[in-house]
Each structure stands twice: as C-alpha cells, then as structure tokens.
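1. how would this look folded up:
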Amino acid sequence: MHSGILDEIDQRLVQELQRDGRAPFARLAAAVGVSEHTVARRYRRLHTMGLRVIGVPGRHPAGATRWLLRISCTPDASAKIADALARRPDTAWVSIASGGTELHCAFATRTTSERDALLLHKLPQTPQVVSVSAYCLLHAFEGASNAWHIPVPDAQGNEDRTPTPPAPVPSASETGLDDVDKQLMAELAKDGRATVSELARATGRSPASITRRLDHLRSAAALRLAVDFIPEHLGYQMQVRFWLRVAPGQLGTVGTALAAHPEIPFAAVTTGPSNLLATGLFRDTDELYRYLDHRIGTLPGVQSIETTPILREVKRLTYPTAAR
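-> Numbering: from 1, shown residues only. Purely as a prediction, here's the structure:
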C-alpha cells in the first residue's frame, strides 16, 4: 500500500484504532507488533498530523429527521456559503464538490420550523445560491461509518479488506441518555481517548461510575468511536460522492453490499431521483474506475450512477446538536 507519508506501522496503528479507539497503548502495541513506547510515540506524531478519535452517537434519536442538501451556487461564493453552513450547530458535514459550484450538506431537525428556517428562509434569501435540492435520509446502513477501513498487506502481501464489524443495534426498549451521559458524550466528542480520570473530573463523577457508564453506552450501541484522519495522509487522493438510482426492491441488497466495502465510509437510502447515496475514498482515478466498473457497477438493481468529486471538506465528523 502506498501512502507517501505513513509507513506500515502507522497504517496498522490507525487500523487498530478503527477496531477500538479507546484500546490502551499496551493492547495496540501487541496488535501492531512493536513496543508500547513506539506505539505511544507514533500516536502522538499522528495526532499532530490531524488524527482524532472522537466519541459520536451510535444511534439517531426518535423525532429527529436527517436531511442531505445539494446546493448550487456561484463559483465566487462557494467557500463563503460552505463556511457559514459549517458554523451552524445543526449541520453534521459540509463539503465543496464538482467544480466548486456545488455544496453537499447534512443537517438534522426535530421540528418543521427548524427545517423551514434553513430550507425556506435562509438559503432562498442567499443571493449567490442558484438552487437547492433537499433529500430526506431514510436509512443509513450498518457497517458503513465515518471511519475509513484501511487495507494493510498481510504477510503474503495481500490486502486485508475485512471491515470492522458493525456495532450491535440497540433494542427499542432502551432508555435515552441522562444528563451525566450527555455530559460524558460531550467530553468524548472532544477526545474519544480521554482517560477515565479526566472524564471523571470533567463530569464530577467517580472513576468507577464513569467506567460503568462507558461500558453501558458502548454495549448498548449508544456510543461509538470514530477515527478521523486526513485522507491524503493515508494515500487516498480521490474522495467522491455516489448518487445511485436503484430498483426499489434492491435498495437493501445494494446498500448492505456498499456498506461492507472498505472504500465506502457512508451509505444511506434517501428520497429523490437518486435514492441511494454513498461516499467513497480511493487512491487515484484508476482505482475509482476499477471500483465503478467491477464492483459497484455489477451490483444487482443499480440503474444509474452519478459520481461527483469532493474538492474540500469544510466540516466533517461533527454531529449536530439536534441529533444528541
């Protein structure tokens, strides 16, 4: 695997963090095959390069609706509008796509007034906005995530493309988070590897209480740990968004298949003419072509694919206050 920056130890360390973002250095060292001191030093270096382990909600609460926007704007205004959207607490991710005249934005609302404030008032009153297409996110597939599953060559030189197993799905009877849980989640959103002692001080609870709450949140799939890193550092020069038209009876089959591909960190069913959305990461245009021709293009029920390159991510791996 070619990264240009990270060697195999770095890549394996990131891969192990994807399996468990809170794994202690000793366990990471044993998995990577180096000393604990080396792992700690490598982690600190990667952290200065932008590596983050972040605690994010493992499920979306009832009553909140997620939306995906495709916003066409004049070329001179894309960065300004994207920055304004990124500052909003209800947006989850914002990116500039295509030739710089299209923005992609995800946001969550609990009420129609919250939805209409952005869709019917704010965006239409922005002079540089040419058009807005809004899609309701109906279902996100298990297995896809916001973390990247990084293939690492095995001893025979073959790439390991086994994705991290998806988190268990919580039952409908599980209760919501209390105030301490929410405070704990907020601290983990800043640093998913914060120590139990640090979390205890921040929340005013005992370390034993924090340990129990962490175990419960993770076992109930209310909390998961996402790994964020600049894709170029891992050798991925192409990030794209796929807009697929899939036969209605094949949506589940295609979405599940995409979610199992390590190239796809996110896949979901949406409303609109393109009823399945996916994000993909690739090393170069050749790898993207092979994926389109040999993998995604051969899935049953795929009727058409639109591919839009992502030029810049303005906001990512942040979750809206409405979804907490």
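2. all helices for the stretch 1-150 of the chain, in order.
-> Using DSSP state H, counting those that start in this stretch, the helices found in the stretch 1-150 of the chain span residues 8-19, 25-32, 36-48, 78-87, 112-116.
3. Heading C-terminal from the helix or strand hosting A267, find the next helix or strand.
-> Assigning secondary structure by DSSP states H and E places A267 in strand 266-270. Per DSSP H and E, the first helix or strand lying C-terminal to strand 266-270 is strand 276-282.
4. So which elements touch the helix or strand just after that following strand?
-> For strand 276-282, the succeeding helix or strand toward the C-terminus, using DSSP H and E, is helix 285-294. On a contact count with 3 or more C-beta pairs under 8 Å, 6 or more residues apart in numbering; DSSP states H and E, helix 285-294 meets strand 238-246, strand 276-282, strand 302-315. Heads up, the C-betas are built off the backbone N, CA and C, glycines and all.
5. Deepest-packed of the helices of the stretch 1-150 of the chain, please.
-> Of all those, helix 8-19 carries the top mean neighbour count, a mean of 20, counting by mean count of other C-beta atoms under 10 Å.
6. got a markdown table for the helices of the stretch 1-150 of the chain, with mean pLDDT too?
-> Output for those, formatted as a markdown table (pLDDT from 0 to 100):
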| stretch | mean pLDDT |
| --- | --- |
| helix 8-19 | 90 |
| helix 25-32 | 97 |
| helix 36-48 | 95 |
| helix 78-87 | 93 |
| helix 112-116 | 92 |
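7. For A134, which of the ones you listed is the nearest?
-> Closest to A134 of the helices of the stretch 1-150 of the chain, according to C-beta to C-beta: helix 112-116, at 8.7 Å.
8. How far off centre is that closest one?
-> Put simply, helix 112-116 sits 25 Å off its chain's centre (C-alpha atoms, centre = their mean, to the nearest Å).
9. got it, and stretch 34-43?
-> Relative to the mean C-alpha coordinate of its chain, stretch 34-43 is positioned 26 Å out (C-alpha atoms, centre = their mean).
10. which residues are contacting the strand holding A267?
-> Contacts to strand 266-270, defined as C-beta atoms under 8 Å, 6 or more residues apart in numbering, come from residues 68, 135-141, 144-146, 251, 255, 258-259, 275-279.
11. Tell me which strands that strand pairs with, and in which orientation.
-> Strands adjacent to strand 266-270 in the sheet, as given by DSSP bridges, are strand 129-140 (antiparallel), strand 276-282 (antiparallel).
12. Could you verify my assumption that A257 touches P300?
-> No. Using C-beta atoms under 8 Å, A257 is not in contact with P300, being 9.0 Å away.
13. More neighbours: these two, which one.
-> Under the criterion of other C-beta atoms under 10 Å, the comparison of A257 against P300 puts A257 first, with 20 against 11.
14. Wait, a helix at that one?
-> Yes. Secondary structure of A257 (DSSP: H, G, I helix; E, B strand; the rest coil): part of a helix.
15. ok, now how distant is it from T298?
-> Distance of A257 to T298, given as C-beta to C-beta, to the nearest Å: 10 Å.
16. cool, V129 as well?
-> V129 sits 38 Å away from T298, going by C-beta to C-beta.
17. Comparing the two, which residue is more hemmed in?
-> Neighbours around V129 and T298, counted as other C-beta under 10 Å, are more numerous at V129. The numbers are 17 against 10.
18. wait, that one sits on L69?
-> No. Taking C-beta under 8 Å as the contact criterion, V129 and L69 are not neighbours in contact, 10.4 Å apart.
19. Skipping adjacent residues, who's closest to Y236 in space?
-> With sequence-adjacent residues excluded and distances taken as C-beta to C-beta, 6 or more residues apart in numbering, Y236 is closest to L281, at 4.5 Å.
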